[in-house]
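*Asks:* The sequence and its predicted three-dimensional model are supplied below.
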Amino acid sequence: MTGAALHAQIDALQVNAVGGFVGYGEEHAWTQKSGLSKLPYIDDLLLPHNIDVMHTENNWAEALFGTIMDIPDKMKDNIKVIERRCQAVASSGLSAPSTGKKVDVEKHLRAPMNWVVVSGGDHKRKRNGILGLLCKEHFPGLAQHARMLEPAYTWDHYMAVPDTEDREGRNFGTKARRVVGELWDFYRCEAGYEDRANQVANRACYKLVKDMHYEAHIQAVVQYCAEHEKRKVKKEDARNIFLTRE
């Protein structure tokens, strides 16, 4: 039914004395006059009766808000969408309006920055939270790096320390590979995106290891003051206190 035919049918409806419209259930199924019939372009619509404004607005708003706020299971911006968008930009030869430079599609595809949740799982634990715990569990201690034996303060130290075989007979080669490898004991990666997911994990670990030592310093100050000085120190104040050998 075209927009013009639909418009004519709505205009021809006559109110029944007992309620509803005359001919309901026999000639038509209208229970009320749609407000869409008042649109000036209703006659030009090919499928006017398929428009559901409320659900269209609701779904569109939810998708937009979920994407902007990066809400898992609500966002509509996943790896596949990003890849298709980058490929479309590359094939069209579009350039950035502000600088006039062409978009470096390959750079975005080679170096992903964030995690994308494709579907839910059995737990709600954060990816970086689990990576942080694995960094602490597999802390190498002293590491030989750049011909120097020093505490493993950076992710590069994890990369330089050889791994050892675990109870399951697994050996990942280095401590860094073990941390990232054991992440997949908690998650499943969509087929074809394993390399990109490992890049995101490695990128995250650089900051996680740095933050781990920063938090360790704060906790050490709080614990020392509580055990030896018998006073309570808040974390905000502990950031500015540095322990010495004396």
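*Replies:* Arrived safely, thanks for sending. Numbers count the residues shown, from 1 in each chain.
*Asks:* what residue ranges in the protein are flagged as low confidence?
*Replies:* Residues of the chain meeting the criterion pLDDT under 70: 1, 48-55, 72-87, 89-123, 246.
*Asks:* one more time with 90, if that's ok
*Replies:* 1-128, 142-151, 160, 185-200, 202-203, 217, 235-236, 238-246 (pLDDT under 90).
*Asks:* tell me the strands in it, going along the chain?
*Replies:* For the chain, applying DSSP state E gives strands covering 142-145, 148-151.
*Asks:* distance between the first one and the chain's centre?
*Replies:* From the chain centre to the centre of strand 142-145 is a distance of 34 Å (C-alpha atoms, centre = their mean, to the nearest Å).
*Asks:* Relative to it, what are the paired strands and their orientations?
*Replies:* strand 148-151 (antiparallel) (DSSP bridges).
*Asks:* what's in contact with the strand it pairs with?
*Replies:* The contact list for strand 148-151, computed with C-beta atoms under 8 Å, 6 or more residues apart in numbering, reads 141-143, 157. Using the backbone N, CA and C atoms, a C-beta is placed for each residue, glycine as well.
*Asks:* mind listing what's buried in the longest helix along the chain?
*Replies:* The longest helix of the chain (DSSP state H) is helix 194-227. Neighbour-count burial for helix 194-227 flags 196-202, 204-205, 208-209, 212, 218, 221-222, 225 (criterion: 16 or more other C-beta atoms under 10 Å).
*Asks:* Kindly report the same for stretch 8-23.
*Replies:* Residues 10, 13, 21 are the ones in stretch 8-23 that count as buried (16+ other C-beta under 10 Å).
*Asks:* ok, now which ones touch His145?
*Replies:* Residues in contact with His145, defined by C-beta under 8 Å, 6+ apart, are 156-157, 160.
*Asks:* That one and His157: what is the separation?
*Replies:* Distance of His145 to His157, given as C-beta to C-beta, to the nearest Å: 5 Å.
*Asks:* Including distance to Phe186, could the buried residues of stretch 8-23 go into TSV?
*Replies:* Output for these, formatted as TSV (distance: C-beta to C-beta, whole Å):
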residue	distance to Phe186
Ile10	57
Leu13	60
Phe21	59
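*Asks:* which one of those residues sits closest to Lys232?
*Replies:* Ile10 (73.9 Å; C-beta to C-beta).
*Asks:* Just confirm that closest one contacts Gln32, I think it does.
*Replies:* No: counting by C-beta atoms under 8 Å, Ile10 stays clear of Gln32, with 9.8 Å between them.
*Asks:* sorry, back to before: restricted to buried residues, select the contacts of His145 in ChimeraX.
*Replies:* To isolate the buried members of these in ChimeraX, using 16+ other C-beta under 10 Å:
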select :157,160
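*Asks:* Keep only those of the contacts of His145 that are in helices.
*Replies:* The helices, defined by DSSP H, take in 156-157, 160 from the contacts of His145.
*Asks:* how many neighbours does Leu6 have?
*Replies:* 19 (other C-beta atoms under 10 Å).
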